[in-house]
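> This is a predicted model, with the sequence first.
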Amino acid sequence: MTEIADPVPQLDLRFVRRGNRSVIDRRLFSWPFTLTRGFHLDRAPAHMLTLITQTTSGALHADDHLVQRLHIGSAAAAHVTTQGATAVHRAKDGMEARERVMLTVDRGGYLEFLPEPKILFPESALHQSIEITCDPEGAAAFSDAFLMHDPDHSGRTFRHFTSETTVHGTAGETLLLDRLELDEWPAWHGRCGDFQAFGTFYALLPKPLKFLESLCTAATAALADVAGLYAAASVLPGSIGISLRLAACNGGALRRGLDLGWIESRKAMTDEAPPSRRK
């Protein structure tokens, strides 16, 4: 049987630790991705590199197939985000945009992969996946979020949306599989009908169960103060970390909830809140 090779990523980055700084030692990108310089903004961890990835299109169109691969080397640290929310535009029947993200964190590495949400326009179709392999002594925080936008206020929604998150151990075993699949948006009423933005925040942390349970309690308390947000935190299977489920009335409330998840996870790793990443 012929094995199917992994697709060639349009964005392929590897971060390594050199002295007291994390730097990029593999930096490959092609259309639509583009990169500028990174920044060292944090006091803890002081070696963390912040990188804002950008696309020249700024959107996902029908039949776009984008692949990203990020590798965090031993003892390196990186915060990777995007320049803004990504619009997903209308797709004809039988067509869809696809985005695949492959993440690897080596021993002692630390990754924060926090892209801005996807904006699903009417009749859009998107299949996105995040696959992460994290060493038991590494850590990662990452999010997956979307919101709906109907510019004509005609009641139209996206046509299809699939989001899949998979966490692998270093031996290749599957530790977590989280999948959401929707065909259009249900005509919900009442409180559920107010929600237009949704997200999940994951934190893979090499911490004991009691610590993770305390972190869930702290995160839930912080999220309760955000107006227009309904959220809950739970420990992931196998005590590999925690997740936050978020439903919001608008993109602003969703972003605030994701930010609070990031802040609480960073404090869990470093005992210090991160500085603002306003773009």
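Sure, I can see it.
> got any ranges where the chain has weak pLDDT?
1-6, 185-193, 279 (pLDDT under 70).
> Try it again at 90.
1-8, 36, 56-58, 63, 93-94, 150-157, 183-195, 276-279 (pLDDT under 90).
> all helices of this protein, in order?
Assigned by DSSP state H, the helices in the chain fall at 209-223, 251-270.
> of the ones you listed, which approaches residue 51 most closely?
Nearest to residue 51 among those is helix 251-270 (15.4 Å), distances taken as CB to CB. All C-beta spots, glycine's among them, are computed from the backbone N, C-alpha and C.
> list the helices and strands the closest one packs on?
Helices and strands touching helix 251-270, by 3 or more CB pairs under 8 Å, 6 or more residues apart in numbering; DSSP states H and E, are strand 110-114, strand 139-148, strand 197-204, helix 209-223, strand 229-235, strand 241-248.
> among the helices of the chain, which is the most enclosed?
Of the helices of the chain, the one with the most neighbours on average (mean count of other CB atoms under 10 Å) is helix 251-270, at a mean of 21.
> quick one: that one to strand 229-235, angle?
Interaxial angle, helix 251-270 versus strand 229-235 (axes from the mean of the first three to the mean of the last three CA atoms, to 10 degrees): 30 degrees.
> Now do helix 251-270: distance to the chain's middle.
Distance, stretch centre to chain centre, for helix 251-270: 12 Å (CA atoms, centre = their mean, to the nearest Å).
> how close does the nearest residue to residue 103 once chain neighbours are set aside get to residue 150?
Closest residue to residue 103 apart from its sequence neighbours, by CB to CB, 6 or more residues apart in numbering: residue 132 at 4.1 Å. Residue 132 sits 32 Å away from residue 150, going by CB to CB, to the nearest Å.
> quick one: which of these two has more around it?
For the pair residue 132 and residue 150, the greater number of neighbours falls to residue 132 (23 against 15), based on other CB atoms under 10 Å.
> What distance do you get for that one to residue 213?
22 Å.
> same thing with residue 123?
Distance of residue 123 to residue 213, given as CB to CB: 43 Å.
> The residue nearest to residue 103 contacts residue 104, doesn't it?
Yes - assessed by CB atoms under 8 Å, residue 132 is found in contact with residue 104 at 7.4 Å.
> still on that earlier bit, just tell me which of the helices of the chain ends up closest to residue 178.
Residue 178 sits nearest to helix 251-270 of all the helices of the chain, at 15.2 Å, using CB to CB.
> Give me the contact list for that closest one.
The contact list for helix 251-270 (CB atoms under 8 Å, 6 or more residues apart in numbering) reads 44-45, 85, 110, 112, 114, 116-117, 139, 141, 143, 145, 147, 196-199, 201, 203, 205, 207, 211, 215, 218-219, 222-223, 226-229, 231, 242, 244, 246, 248, 272-274.
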